[in-house]
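A.B. asks: turn this into a model:
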Amino acid sequence: MSRIELDAEALYAGLLEGVRRLLRPEAALVGIWSGGAWLAERLQRDCGLVGEPGVISSALHRDDFSRRGLTAGADHTKLPFEIEGRHIVLIDDVLYTGRTIRAAINELYDFGRPASVALAVLVDRGGRELPIEAACAVARIALPPPERLSLVRDDAGRFSFEIR
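C.D. replies: Numbering: from 1, shown residues only. Reported below is the predicted structural model:
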């Protein structure tokens with residue numbers, strides 16, 4: 001695994017600014033397990049929002065479920081608030097094909113029908129296979145298809161990226 005020369009902490013500052021613009025009264029943050037959940041946790045605190053952010057797993061709604069099976073994080077959906085009628089800001093670390101986002105939205109709708117869902121990501125790496133677009137994408141990069149960009153969090157809570 002190698003480190004990519006993207007400053008995840010600097011990008012986080014841009015994400016914080018973008019999420020603040022997306023927040024509406026009674027909005028809730030929901031992070032996609034695991035990188036998006038880490039970001040949502042920190043954004044919740046830095047935006048001064050009361051309570052905990054939601055966490056959602058895309059594992060059970062993935063279109064490759066039969067091939068991948070249950071993955072780590074499959075049981076991590078935790079939504080400590082009502083979804084019905086609420087404005088949701090969905091948070092993820094990296095947007096690529098759009099399949100994880102589609103699966104997360106399907107999981108979200110299992111809990112109710114939100115008034116709206118806005119997507120905010122640190123990095124959009126292109127390569128979309130579905131018509132999914134982030135309302136806030138702090139950086140856009142291109143990587144060869146076999147490479148995977150992942151957010152990493154150290155013991156102090158600081159973010160960085162790895163390419164696998």
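A.B. asks: switch to C-alpha atoms for all contacts and neighbour counts from now on
C.D. replies: Will do.
A.B. asks: any idea which helix or strand carries residue 156?
C.D. replies: Using DSSP states H and E, residue 156 falls within no helix or strand.
A.B. asks: for the residue lying closest to residue 126 once chain neighbours are set aside, give me its contacts.
C.D. replies: Computed as C-alpha to C-alpha, 6 or more residues apart in numbering, the closest residue to residue 126 that is not its neighbour in sequence is residue 96, at 5.5 Å. Going by C-alpha atoms under 8 Å, 6 or more residues apart in numbering, residue 96 touches 124, 125, 126, 127, 128.
A.B. asks: name the member of these with the most neighbours.
C.D. replies: residue 124 (23 neighbours; other C-alpha atoms under 10 Å).
A.B. asks: and the pLDDT at it?
C.D. replies: Confidence at residue 124, expressed as pLDDT, is 98.
A.B. asks: who does it form a beta bridge with?
C.D. replies: Per DSSP bridges, the residues bridged to residue 124 are residue 95, residue 140.
A.B. asks: that one and residue 137 touch, don't they?
C.D. replies: Yes. Counting by C-alpha atoms under 8 Å, residue 124 touches residue 137, with 6.0 Å between them.
A.B. asks: so what sits against both of these two?
C.D. replies: By C-alpha under 8 Å, 6+ apart, no residue touches both residue 124 and residue 137.
A.B. asks: measure the residue nearest to residue 126 to residue 110 for me?
C.D. replies: Separation of residue 96 from residue 110 (C-alpha to C-alpha, to the nearest Å): 23 Å.
A.B. asks: just residue 163 next, same as before
C.D. replies: Relative to residue 110, residue 163 is positioned 33 Å away (C-alpha to C-alpha).
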